[in-house]
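S.K.: Let me see the structure of the following:
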Amino acid sequence: MNSQKETKNDSLLFQNYLIIFLDILGQRQELRKIKGIPMIEEEKPIFLQKIKKTIGTIDFLRNSFEDYFKASNSYETDTNLVPPEFAQEFKACQKSEVYFYGFSDSIIIAVPLMSNDENCSAKNGIYTALLATGGISLLAIAGKTILRGGLDVGVATKIQKNEIYGPALERAYYLESNIAEYPRFVVGDEFLEYLRWVEHKDYKTLRGKVAKEQAKLCQTFITQDTDGFFMLDFLGKSIKKAGGGSIDSGIVKSAYDFLVSQHKKFVAKEDLKLTSRYFRILNYFHSRMKVWNL
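M.R.: The predicted structure follows:
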């Protein structure tokens, strides 16, 4: 029995991954309101309403990410736009690999970085993962759900289906739970260093050159926050342009209005911690209003 375990573990493939760890905020507080299974008939509708609210939020977000990645993977490149002799190479330049799974009120996105195409598929995966995180998180805020996250590169392995295990996951979780504080997506130093490394490599192939340009572009999706940490600039010009109109100013306005209402609520409750956190996310929104013509 021990030998079987050793053989299975020996087959695990360890490599560098980009890990995005997302926490759906507020779910635990909602669950704490549920004290137990109702014993009388009159309490059952309230119980079911509370359960459906939390499960519904998690299902919506998981399905949104799943649909996004499925659509991205199924996208067919129009090779008629390039000369026939370059068609296959052009198509190969669009390949990517992204894993996604949910755990309780958390969502984990993983992009494997080991490739034999001069980092091209890895870069495409990173690009897709960053756009998904920024766009869906903004839609979530507009729908009155808040996400917070951490992103970094590190060593990990896939242990079951799409489940990832290793230091990379711990690093992303640490950024989310200990550094992010308010609803933002903190970017770790190793991820920044990886993007710079790809950008400055000397590539000879078309795929390598695509990876180089993608690394440059992904860096424009990141901005330095007022406290010195780097974060995903999900309201920035680059992500807006890359989104191709999938997010409009109406969605941004709805998200902003919800954040304003939350800030007012916590001011009234004299909850200094949450008042401060919503004040910080509102400051970020204020700094990007002109991008969305608001």
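
S.K.: all contacts plus neighbour counts: C-alpha atoms, from now on.
M.R.: Noted.

S.K.: What are the buried residues along the longest strand along the chain?
M.R.: Ordering each strand of the chain by length in residues (DSSP state E) puts strand 146-160 first. Of the residues in strand 146-160, 146-158 count as buried by neighbour count, 16 or more other CA atoms under 10 Å.

S.K.: Tell me where the stretch 1-150 of the chain is predicted with low confidence.
M.R.: Across the stretch 1-150 of the chain, the ranges flagged by pLDDT under 70 are 1-10, 27-53, 74-93.

S.K.: what pLDDT, on average, does stretch 179-186 get?
M.R.: Stretch 179-186 carries an average pLDDT of 97.

S.K.: Using PDB, write down the CA coordinates of it.
M.R.: C-alpha atoms of stretch 179-186 as PDB (Å, rounded to 0.1, in the frame of the first residue of the first chain):
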ATOM      1  CA  ILE A 179      -2.200  41.900   2.500                       C
ATOM      2  CA  ALA A 180      -5.200  42.900   0.400                       C
ATOM      3  CA  GLU A 181      -7.400  44.000   3.300                       C
ATOM      4  CA  TYR A 182     -10.000  45.900   1.200                       C
ATOM      5  CA  PRO A 183     -11.700  44.600  -2.000                       C
ATOM      6  CA  ARG A 184      -8.700  44.500  -4.400                       C
ATOM      7  CA  PHE A 185      -6.500  41.900  -6.100                       C
ATOM      8  CA  VAL A 186      -3.000  42.200  -4.800                       C
END
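
S.K.: same for the helix or strand hosting Arg207, what does it pack against?
M.R.: When elements are assigned from DSSP states H and E, Arg207 belongs to helix 206-219. In terms of contacts (3 or more CA pairs under 8 Å, 6 or more residues apart in numbering; DSSP states H and E), helix 206-219 is packed against helix 87-92, helix 120-142, helix 189-200.

S.K.: what sits up against that helix?
M.R.: Residues outside helix 206-219 that contact it (CA atoms under 8 Å, 6 or more residues apart in numbering): 89, 92-93, 117-121, 123-124, 126-127, 130, 192, 195-196, 198-201, 203, 238.

S.K.: Pull out the buried residues from those.
M.R.: The neighbour count (16+ other CA under 10 Å) marks 93, 117-121, 123-124, 126-127, 130, 192, 195, 198-199, 203, 238 as buried among the contacts of helix 206-219.

S.K.: that older thread, check which residues of the helix holding Arg207 are buried.
M.R.: 206-212, 214-219.

S.K.: Just the CA trace of the helix or strand that contains Thr275, in CSV.
M.R.: Here Thr275, judged by DSSP H and E, is contained in helix 272-287. Extracted in CSV, the C-alpha atoms of helix 272-287 (Å, rounded to 0.1, in the frame of the first residue of the first chain):
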residue,chain,number,x,y,z
LEU,A,272,-14.1,51.7,11.5
LYS,A,273,-12.5,48.7,9.9
LEU,A,274,-15.1,48.3,7.1
THR,A,275,-15.6,52.0,6.7
SER,A,276,-11.9,52.4,6.0
ARG,A,277,-11.8,49.5,3.6
TYR,A,278,-14.8,50.8,1.6
PHE,A,279,-13.3,54.2,1.6
ARG,A,280,-10.1,52.8,0.0
ILE,A,281,-12.0,51.0,-2.8
LEU,A,282,-14.1,54.1,-3.4
ASN,A,283,-10.9,56.1,-3.8
TYR,A,284,-9.7,53.7,-6.5
PHE,A,285,-13.0,54.0,-8.3
HIS,A,286,-12.7,57.8,-8.1
SER,A,287,-9.2,57.7,-9.7
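
S.K.: rounded to a whole number, what's the mean pLDDT of it?
M.R.: Summarised as a single mean, pLDDT over helix 272-287 is 97.

S.K.: pLDDT score assigned to Arg207?
M.R.: Here, the pLDDT recorded for Arg207 equals 84.

S.K.: circling back: how about the very next helix or strand once past the longest strand of the chain, which residues are buried there?
M.R.: As assigned by DSSP H and E, the chain's next helix or strand after strand 146-160 is strand 163-165. Buried residues in strand 163-165, counted by 16+ other CA under 10 Å: 163-164.

S.K.: following strand 163-165, which helix or strand comes up?
M.R.: helix 167-174.

S.K.: any idea of the mean pLDDT in that following helix?
M.R.: Predicted confidence along helix 167-174 averages 96 (mean pLDDT).

S.K.: Relative to the whole chain's centre, how far out is that helix?
M.R.: On the basis of CA atoms, centre = their mean, to the nearest Å, helix 167-174 sits 14 Å off its chain's mean C-alpha point.
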